[in-house]
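Visitor: sequence and predicted structure are below.
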Amino acid sequence: MSTNLSNSAIEVAHLSKVVSTVDGPLSILHDISFSVANGESLAIVGASGSGKSTLLGLLAGLDTPSSGDILLMGQNISAANEDQRAKVRLNYVGFVFQSFQLVEHLSALENVQLPLQLKGVSPRDADSQARVWLERVGLGERLNHRPQTLSGGEQQRVALARAFAARPAILFADEPTGSLDDANGQKVIDLLFQLNQDIGSTLVLVTHDLALAQRCQRQILIRAGKIVLA
């Protein structure tokens, strides 16, 4: 992997996404261009169906654009195959999802250990690092609990520990408080920004929550697949 020498963690140029439907081609994103500086926090906001979640999936290399370029840490993932995109994600990216996406048959500790082990961290170091991060999110007493025995707020805190344990250069969050009540949602928001500030990663999140969006340094508003405010 080459080193990103620019000041941008993410660069997007003339990005479009068109899908086939029974009624013909449907344009979901059209001519999207922007950049995100290293260490910056950015919220992508817009109504349901505006294309914001599709954009996040493209930025994270989970899908491919119809046209345009996406560079993550200097790596052009729009021109990469799935194996190459997976390597970029492993090296640079962390995720926090609305639905937590924890592995049900693994304990909280094992869920946090997993991405560390995938990155080649030794089992002993993965164990110690996972314990530290679960302590940081207030779950030091819940290490051996499986997801189904944890509350929604606790599950999202495990997801935060998992995302931050690998110290990603870029963290993507998709409606990170969407499945939580207001009290737990606020706790997760505070923790998300605290941990992100601590490790200095670039944060890009999709949210309907304007209060959450306003805590980011910058917001992008998408309407009908186009950026209308950046």
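Guide: Right, received. Where do you want to start? The shown structure was predicted, so the numbers you read here are calculated from the model rather than taken from an experiment.
Visitor: from here on, just use CA atoms for contacts and neighbour counts.
Guide: Will do.
Visitor: tell me the helix or strand right after the helix or strand where residue 159 lies.
Guide: Assigned by DSSP states H and E, residue 159 falls within helix 152-165. Counting by DSSP H and E, the next helix or strand C-terminal to helix 152-165 is strand 170-174.
Visitor: tell me the angle of that following strand relative to helix 152-165?
Guide: Per axes from the mean of the first three to the mean of the last three CA atoms, to 10 degrees, the angle that strand 170-174 makes with helix 152-165 is 160 degrees.
Visitor: counting by contacts, list what strand 170-174 packs against.
Guide: Where contact means 3 or more CA pairs under 8 Å, 6 or more residues apart in numbering; DSSP states H and E, strand 170-174 is packed against helix 52-59, strand 93-97, strand 202-206.
Visitor: residues contacting the residue lying closest to residue 108 once chain neighbours are set aside?
Guide: Nearest residue to residue 108 in three dimensions, chain neighbours excluded: residue 143, at 5.3 Å (CA to CA, 6 or more residues apart in numbering). Neighbouring residues of residue 143 by CA atoms under 8 Å, 6 or more residues apart in numbering: 107-109, 131, 134.
Visitor: kindly recompute the last result at 10 Å.
Guide: 107-112, 130-131, 134-135, 158 (CA atoms under 10 Å, 6 or more residues apart in numbering).
Visitor: first-to-last residue distance for stretch 200-209?
Guide: The first and final residues of stretch 200-209 sit 23 Å from each other (CA to CA, to the nearest Å).
Visitor: how far is it from where the chain is centred?
Guide: Relative to the centre of its chain, stretch 200-209 is centred 7 Å away, using CA atoms, centre = their mean, to the nearest Å.
Visitor: tell me which residues of that stretch come out buried.
Guide: Neighbour-count burial for stretch 200-209, counted by 16 or more other CA atoms under 10 Å, picks out 200-208.
Visitor: still on that earlier bit, any of the contacts of residue 143 buried? List them.
Guide: Applying 16+ other CA under 10 Å to those flags 107-112, 130-131, 134, 158 as buried.
Visitor: how about JSON lines for the residues you listed, with secondary structure and distance to residue 55 added?
Guide: Formatted as JSON lines, the buried ones among the contacts of residue 143 follow (DSSP: H, G, I helix; E, B strand; the rest coil; distance: CA to CA, whole Å):
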{"residue": "107", "secondary structure": "coil", "distance to residue 55": "32"}
{"residue": "108", "secondary structure": "helix", "distance to residue 55": "30"}
{"residue": "109", "secondary structure": "helix", "distance to residue 55": "31"}
{"residue": "110", "secondary structure": "helix", "distance to residue 55": "30"}
{"residue": "111", "secondary structure": "helix", "distance to residue 55": "27"}
{"residue": "112", "secondary structure": "helix", "distance to residue 55": "26"}
{"residue": "130", "secondary structure": "helix", "distance to residue 55": "30"}
{"residue": "131", "secondary structure": "helix", "distance to residue 55": "33"}
{"residue": "134", "secondary structure": "helix", "distance to residue 55": "30"}
{"residue": "158", "secondary structure": "helix", "distance to residue 55": "25"}
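Visitor: which one of the helices and strands packed on strand 170-174 has the lowest average pLDDT?
Guide: Sorting those by mean pLDDT places strand 93-97 lowest, at a mean of 91.
Visitor: no more questions from me, cheers.
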